[in-house]
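Peer 1: model this:
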Amino acid sequence: MCGIAGATEPDDQIAVAPMLHQLVHRGPDGTGVWAAPDDGVTLGCARLATTDPSESANQPLATTDGRFVLVFNGYIAGHRHQIAKARQNGLTVTTDSDAELVLHLLACVVRRGGDVAKVLKDLSGQYALAFWDDEESCLWLARDPLGIKPLYVMSRPNGHIAFASEMAALSEIQTLKRDDAIKADYLAHLFVPAPQTGVEGVTLMTPGKVLCWQGGKITGDQIRHPAKVRQDGQEQKASANALLQAVRQSVADAMDADCGVGCLVSGGVDSAGVFALACDLARERGDQLPAAFVMGFDDPAIDETDAAQKLCDHFGQKLHVVPAPRTPAEIHDELCHSLRSVGAPFANPSIVLMRRLAKAVSAHVRVCLSGDGGDELFGGYPRYRAGQLFENYWRYVPAPLRQCLAEWVPHTNHRGMKRFLSGGCGEVDHAFAYWNNRCAIPELTNKLSLTAYGSDDSIGLQGAMMAFDRDVILPGNQLLMSDRCGMAFGVEYRLPLLAHEVVREAALISPHAHLKNGAKTIWRNAIAPYLPPGHAHNRKIGFNPPVADWVSGVANYLWGDEDRILDVVFKDIPASRNVKAGYWRRAVSGHDLDMALTVWALMVWQVWLGLDKECDDGVFSRNGRSSVRGTADIA
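Peer 2: As a prediction, the model looks like this:
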């Protein structure tokens, strides 16, 4: 992995080296800059050497004739096999670098007048890249179709652009001005969905997007998503076997690195399944078993240490237990670092845990495998079952009765029941919107990124929610956390469950089959023989902190008492003070996770505003720092 940056404006050339300095945590193994002598285009890369650490693989990379230049952040699955194949086909690839492979494949297709997006469609992996054709003065930018790696693009005068792996680097080009208009989207998702960023004039390329810049004009293309291949009538048993084999090959590809490799583990079946296959492959090859890491909590209700320990004992591997942050000061400090790396408000509190975990992982390995994507691909979230229940049965219950039961919701503390009855009281569009919207305060303006999924009868409500999570929530939430938290400490997270062939095989299985006997029916049955007895049927816990405790602790740490908290955190809610106080008590009660997450989102918004409040007009300074406790005075 790497950090990449560049600009098309000649006057911006001088800023690219400082941009790389802002990205040095992503690429601690050296930086390089290439500038076109005539056109003013500049490309830069801060490199993390995980494949072919030789100097000849340093970036930017150029073809021998100097026509094409590439900077590349990511990795390509099975790159050694593909390099060998490319050499057999006459391409001169001089290193074992996947970046050089991409350079020559793109150069070959452009020379022939071919389609860049079609070439990238056939490359499984995770990446963001910039590719320059000096002869045609044309710059391509691309992001992988799953949205695993980020790429931010800034609009410049006269049609010019600048780009970077992280938003902070773009502050070396011009001062960043905050865009408060994203608040409604943020509250509905707990993050800012692409292409919005929270900064005026800067966009985040959406997954699979290909931009072509030439002489100030921009055209776009799209890399075909590997899930867009669903066919009916496939044998479930055959698909299950194909799915397992695809995951196994993907794990093998992800373990192919010229450095130490580790795995995140848990009591679930996704990361545990990846770890189990990685251990099986390591023994098959005679290699060292991957190091294993889990986060430990004091609360046994959310701690997965025991299950992770049994998993590691089963394979004879040591488990590294990383303590979760405990004090409000620790949590707030990690949150501030996380928000600076994201460059936008981000209210999934798990990012605090991910950052602490990545720091510990970095002391042992540079490449770490995780199970990200399993819930979205294999049907892991409870609301998918809710969608199935609604479509098969609940929608046929008379609407007045469903509405009457929804009015009973305040009298139960069962979160699943409350959400199901409230979401299921109307038609399918209401259910889709309600079960995917994370804002629990009705007085707040919020806007969900609804797409055609909400009315796509061909895949059903549960399939629509799985697709929405895969294409919108996953890249904006979990994948963002993996990238920023890992890269903050020079750790390359690789995600075997999001390899293109795995995504294809998962898409060939109907949502109904994935959920036939509970969550992840197909995947759970396929991976169970590789896991310790009973592990595949562990209760789902998820990677979440005690949110209510964090809300209470951090809010009191920052603002001191309930009156001040209501003044600052709830200031923009058009409701009485008693109503606001009621929301606060629900948030810290430990019995209303949805309210706790919404209030956490409001707290994060205030912290985000405070990080760059050096100027009253919402302008971000390049090297701005705020005091740890200064957020109490920003409202």
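
Peer 1: which stretches of the stretch 1-150 of the chain form helices?
Peer 2: Assigned by DSSP state H, counting those that start in this stretch, the helices in the stretch 1-150 of the chain fall at 13-22, 79-88, 98-111, 116-121.

Peer 1: So which bits of stretch 320-334 are buried?
Peer 2: Along stretch 320-334, these residues count as buried under the neighbour rule (16 or more other C-beta atoms under 10 Å): 320, 322, 324, 325, 328, 331, 332, 334. For glycine as for every other residue, the C-beta is placed from the backbone atoms N, C-alpha and C.

Peer 1: could you redo the residues you listed as TSV and give each row secondary structure and pLDDT?
Peer 2: TSV is the format used below for the buried residues of stretch 320-334 (DSSP: H, G, I helix; E, B strand; the rest coil; pLDDT from 0 to 100):
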residue	secondary structure	pLDDT
320	strand	97
322	strand	97
324	coil	96
325	coil	96
328	helix	97
331	helix	97
332	helix	97
334	helix	96
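
Peer 1: Turn those into JSON lines, columns for distance to residue 178.
Peer 2: Formatted as JSON lines, the buried residues of stretch 320-334 follow (distance: C-beta to C-beta, whole Å):
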{"residue": "320", "distance to residue 178": "39"}
{"residue": "322", "distance to residue 178": "33"}
{"residue": "324", "distance to residue 178": "31"}
{"residue": "325", "distance to residue 178": "27"}
{"residue": "328", "distance to residue 178": "26"}
{"residue": "331", "distance to residue 178": "24"}
{"residue": "332", "distance to residue 178": "20"}
{"residue": "334", "distance to residue 178": "22"}
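
Peer 1: Report the contact partners of the nearest residue to residue 103 once chain neighbours are set aside.
Peer 2: Nearest residue to residue 103 in three dimensions, chain neighbours excluded: residue 70, at 4.2 Å (C-beta to C-beta, 6 or more residues apart in numbering). Going by C-beta atoms under 8 Å, 6 or more residues apart in numbering, residue 70 touches 43, 59-62, 99, 102-103, 106, 129-132.

Peer 1: now, which of the residues you listed sits nearest residue 553?
Peer 2: Taking C-beta to C-beta as the measure, residue 553 lies nearest residue 129 of the contacts of residue 70, at 42.0 Å.

Peer 1: Just grab the bridge partners of that closest one for me.
Peer 2: residue 72, residue 142 (DSSP bridges).

Peer 1: Distance check, it against residue 244.
Peer 2: Going from residue 129 to residue 244 by C-beta to C-beta, to the nearest Å gives 31 Å.

Peer 1: Could you check which of the two is surrounded by more residues?
Peer 2: Between residue 129 and residue 244, counted using other C-beta atoms under 10 Å, the more crowded position is residue 129 (25 against 21).

Peer 1: Isn't the more buried one up against residue 71?
Peer 2: Yes. Between residue 129 and residue 71 a contact is recorded at 6.7 Å, counting by C-beta atoms under 8 Å.

Peer 1: Can you dump the C-alpha atoms of the helix or strand containing residue 549 in CSV for me?
Peer 2: Assessed by DSSP states H and E, residue 549 sits inside helix 547-559. Only the C-alpha atoms of helix 547-559 are listed here, as CSV (Å, rounded to 0.1, in the frame of the first residue of the first chain):
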residue,chain,number,x,y,z
VAL,A,547,-21.6,3.0,23.3
ALA,A,548,-23.8,4.3,26.1
ASP,A,549,-20.8,4.3,28.5
TRP,A,550,-18.7,6.1,26.0
VAL,A,551,-21.4,8.7,25.3
SER,A,552,-21.7,9.4,29.0
GLY,A,553,-18.0,9.4,29.8
VAL,A,554,-16.8,11.4,26.8
ALA,A,555,-19.6,14.0,27.1
ASN,A,556,-19.0,14.6,30.8
TYR,A,557,-15.2,14.7,30.1
LEU,A,558,-15.7,17.4,27.5
TRP,A,559,-18.6,19.5,28.8
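
Peer 1: Count the residues that sit near residue 401.
Peer 2: Using other C-beta under 10 Å, residue 401 is surrounded by 10 other residues.

Peer 1: Actually, residue 246.
Peer 2: 20.

Peer 1: what's the following helix or strand after the one helix or strand it maps to?
Peer 2: Here residue 246 sits within helix 236-254, counting by DSSP H and E. Next along the chain after helix 236-254, taking DSSP H and E as the criterion, comes strand 261-264.

Peer 1: okay, and for the stretch 1-150 of the chain, where does confidence drop off?
Peer 2: Low-confidence segments of the stretch 1-150 of the chain (pLDDT under 70): 39.

Peer 1: Now the common contact residues for residue 129 and residue 71.
Peer 2: Counting by C-beta under 8 Å, 6+ apart, the common neighbours of residue 129 and residue 71 are residue 4.

Peer 1: what's the domain layout of the protein?
Peer 2: 2-222, 236-378+472-537, 382-469, 547-633 (automatic domain parsing).

Peer 1: mind checking which of the ones you listed is nearest residue 228?
Peer 2: Proximity to residue 228 (C-beta to C-beta) singles out domain 236-378+472-537 among the domains of the chain, at 7.7 Å.

Peer 1: Mind giving me the packing neighbours of the helix or strand that contains residue 353?
Peer 2: Element membership of residue 353, judged by DSSP H and E, is helix 350-361. Contacts defined by 3 or more C-beta pairs under 8 Å, 6 or more residues apart in numbering; DSSP states H and E place helix 350-361 against strand 261-264, strand 291-296, strand 319-323, helix 328-342, helix 478-487.

Peer 1: Right, I'll call it a day here.
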